[in-house]
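Participant: here is a sequence with its predicted model. Questions after.
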Amino acid sequence: RVFLTEPRRGDILDINENPLATSVPVKKLFANPRFIGGFTEEVAGALAPALRVSKAELAQQLRPTIRTNGQGRWTTNMYVNLKKKVSLETWLQVTQAMARLEVKLPNEKPSARQKQFLRTLRQQAVYAEDDQQRLYPNGPLAAHLLGYVQDREQGFNHTVVTETVGQYGIEHWFNGQLQG
């Protein structure tokens, strides 16, 4: 497997080396509806407070979508994009909520297969990819000179890759050097 990661975008500093623009690590959150199965309400209830979204909206996102593929076989979606630009603290809350997830099983003593399903649900149903968020510590100060960045998605090797591209100002003029 090939994993593409975008390098951390460089900082823009003033003459005294104070940051005018910097990047901080964040996460993109995804879920695999196949691993969630019939427990969308329970997972949505556990994650909604941490992600600050409604339980109903999240449950709708987590439900599997069934469609036919090119060979005429029924398939379900393998991932759902839950939220972008999630702080590392929120990601920690999400992983803790999933680790503590309680679900009702049909029988009192779970089988080995049910135990494996629960382990997969808690550990792999919700996952994250590394990302970065551009911050401007001084707010709008010198915004007309600094410009801003924008995420641009491109296809690469049958995979969607997101890159951060400078728009206007220093972010644009020095995009090649800032991209890493």
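Facilitator: In hand now; what should we look at?

Participant: quick one: low-confidence residue ranges for this structure.
Facilitator: Residue ranges of the chain with pLDDT under 70: 1-4.

Participant: sheet partners, orientation included, of the host helix or strand of residue 29?
Facilitator: For residue 29, the enclosing helix or strand under DSSP states H and E is strand 19-31. Note on strand 19-31: by DSSP bridges, its sheet partners are strand 12-13 (antiparallel), strand 80-86 (antiparallel), strand 126-135 (antiparallel).

Participant: wait, which of those is closest to residue 178?
Facilitator: Nearest to residue 178 among the strands paired with strand 19-31 is strand 12-13 (7.4 Å), distances taken as Cβ to Cβ. The way it works is simple: take the backbone N, C-alpha and C, and place the C-beta from them, glycine included.

Participant: ok, and what's touching that closest one?
Facilitator: Identification of contacts with strand 12-13 by Cβ atoms under 8 Å, 6 or more residues apart in numbering yields 19, 20, 21, 22, 146, 170, 171, 174, 178.

Participant: got a markdown table for the strands paired with strand 19-31, with distance to residue 162 and mean neighbour count too?
Facilitator: Shown next, in a markdown table, are the strands paired with strand 19-31 (distance: least, Cβ to Cβ, whole Å; neighbours: other Cβ atoms under 10 Å):
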| stretch | distance to residue 162 | mean neighbour count |
| --- | --- | --- |
| strand 12-13 | 21 | 16 |
| strand 80-86 | 9 | 17 |
| strand 126-135 | 7 | 18 |
